[in-house]
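**Student:** what shape does this take:
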Amino acid sequence: MGRQAEANSYVPLPVRNGVAPSYLWLTETLAGGMLRFLTERFPDVAPASWAARLERGEVVDALGAPLQANSHVRKGMRVWYYRELDEGETPIPFREQILFQDEHLLVVDKPHFLPMIPTGRFLHETLLVRLKAQLELPHLTPIHRLDRETAGVVIFSHNIETRGRYQSMFQKRVVKKTYEALAGPIEGHAFPFTYTSRMVDGDKFFVMTEEPGEPNSETLIELIERRGDIVRYRLHPHTGRKHQLRLHLASLGAPILNDAFYPVALPCKGDDFSAPLQLLARSISFDDPLTGQSRTFTSERTLAWPE
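**Tutor:** Okay, here's the model as predicted:
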């Protein structure tokens, strides 16, 4: 799909129900008109949907002028539009909780199953769109991410002028992130211990795997409590690889409860809302780059021990 609107440039369409407009840069001049171009560029979107959007004036150029079905497609044009889903979304029956808000940051306790941003089959049922619709913060942007399956603390910026200062904290790895997970016992290790490995993309685009070589991922693992064959771990990722905690625990023989990706990616059968991944981003701590104040934000959610 196209790119999301940039917060610091002119945007000819407003945020609508929490959804920011997207845009395309046209890299060549094509015959056949705008409707033909859009239906060929987005084959998964029904032509009737694009025709209706053009008729409603919801596809515009860089100056906000509505485009027509027969409008010329010229190299260098910027075309703005709203992303829509032709099929309805499955409601995510869990709500986010706002933990903190000031003139710079918004800190949220994300539920399981809720994606961070619009992607694939998710649009309105995403944390970013929900928050924009609820709080009317058009410049809201996450400055780090959580997996859709993971719950817990996540931080957004809604001030363009100070966003870079907070983003740099994550780039410099000066933010302390603590997670908790429920999994089986890890044998052969004295706690706490540090696990390292070399993580690379797996043969399926949505999973990671490990290979021999120089480690590029590191996690400190602590044992909090054990109940029978289930253990609650505290995890401190010193690097931020995709699915790092999930892969590390699975590689240690203790996959996180209800993990559908590790150690084996299961066939997609849709979400089972009764069995969320038992991984929680418990807290985030950092020294505020604007004030120097030490800050810690903690999730109020709990993991669900099996009965």
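**Student:** low-scoring stretches of the stretch 1-150 of the chain, by residue?
**Tutor:** By pLDDT under 70, the low-scoring segments of the stretch 1-150 of the chain are 1-9, 86.
**Student:** how about the strands in it?
**Tutor:** Here the stretch 1-150 of the chain has its strands, by DSSP state E, counting those that start in this stretch, at 3-4, 22-25, 78-81, 97-101, 105-110, 141-142.
**Student:** please work out which of the ones you listed is packed deepest.
**Tutor:** By mean neighbour count, with neighbours taken as mean count of other CB atoms under 10 Å, strand 105-110 ranks first of the strands of the stretch 1-150 of the chain at a mean of 22. Where C-beta positions appear, they are placed from N, C-alpha and C, glycine not excepted.
**Student:** output the contacting helices and strands for it.
**Tutor:** strand 97-101, helix 127-135, strand 151-157 (3 or more CB pairs under 8 Å, 6 or more residues apart in numbering; DSSP states H and E).
**Student:** how much space between the most centrally placed residue in the chain and residue 209?
**Tutor:** Note on the chain: the residue nearest the mean C-alpha position is residue 116, at 3.4 Å, using CA atoms, centre = their mean. Distance, residue 116 to residue 209, using CB to CB, to the nearest Å: 23 Å.
**Student:** the chain - how does it break down into domains?
**Tutor:** 3-81, 97-298 (automatic domain parsing).
**Student:** what's the closest of those domains to residue 89?
**Tutor:** domain 97-298 (4.8 Å; CB to CB).
**Student:** how about the strands in the stretch 201-307 of the chain?
**Tutor:** Under DSSP E, counting those that start in this stretch, the stretch 201-307 of the chain gives strands at 208-211, 217-227, 230-237, 279-287, 294-298.
**Student:** the third one pairs with which strands, parallel or anti?
**Tutor:** Using DSSP bridges, strand 230-237 pairs in its sheet with strand 176-183 (antiparallel), strand 217-227 (antiparallel).
**Student:** pull the distance from that strand to the chain's centre.
**Tutor:** Centroid separation for strand 230-237 versus its chain: 22 Å, with CA atoms, centre = their mean, to the nearest Å.
**Student:** again with the first one
**Tutor:** In terms of CA atoms, centre = their mean, the centre of strand 208-211 is found 21 Å from the chain centre.
**Student:** what of the longest one?
**Tutor:** Relative to the centre of its chain, strand 217-227 is centred 24 Å away, using CA atoms, centre = their mean.
**Student:** can you pull out the low-pLDDT segments for the stretch 151-300 of the chain?
**Tutor:** Those would be 267-269, if you go by pLDDT under 70 across the stretch 151-300 of the chain.
**Student:** tell me which of the strands paired with strand 230-237 is the most buried.
**Tutor:** By mean count of other CB under 10 Å, the strands paired with strand 230-237 have strand 176-183 as the most buried, with a mean of 22.
**Student:** next, the angle from that one to strand 151-157.
**Tutor:** Computed by axes from the mean of the first three to the mean of the last three CA atoms, to 10 degrees, the angle separating strand 176-183 from strand 151-157 equals 160 degrees.
**Student:** export strand 176-183 to PDB, keeping only CA atoms.
**Tutor:** This file holds the C-alpha atoms of strand 176-183, laid out as PDB (Å, rounded to 0.1, in the frame of the first residue of the first chain):
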ATOM      1  CA  LYS A 176      15.300  -0.200  30.100                       C
ATOM      2  CA  LYS A 177      12.500  -2.500  29.100                       C
ATOM      3  CA  THR A 178      11.300  -5.300  31.300                       C
ATOM      4  CA  TYR A 179       9.000  -8.100  30.200                       C
ATOM      5  CA  GLU A 180       7.300 -11.100  31.900                       C
ATOM      6  CA  ALA A 181       6.400 -14.400  30.400                       C
ATOM      7  CA  LEU A 182       4.900 -17.700  31.400                       C
ATOM      8  CA  ALA A 183       6.600 -20.800  30.000                       C
END
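**Student:** tell me the bridge partners for the nearest residue to residue 150 once chain neighbours are set aside.
**Tutor:** Nearest non-adjacent residue to residue 150, counting by CB to CB, 6 or more residues apart in numbering: residue 279, 4.9 Å away. Using DSSP bridges, the beta-bridge partners of residue 279 come out as residue 181.
**Student:** counting neighbours, what do you get for residue 279?
**Tutor:** 28 (other CB atoms under 10 Å).
**Student:** residues contacting it?
**Tutor:** 147, 149, 150, 151, 179, 180, 181, 245, 246, 256, 259 (CB atoms under 8 Å, 6 or more residues apart in numbering).
**Student:** just the buried members of those residues?
**Tutor:** By neighbour count, with 16 or more other CB atoms under 10 Å, the contacts of residue 279 hold 147, 149, 150, 151, 179, 180, 181, 245, 246, 256, 259 as buried.
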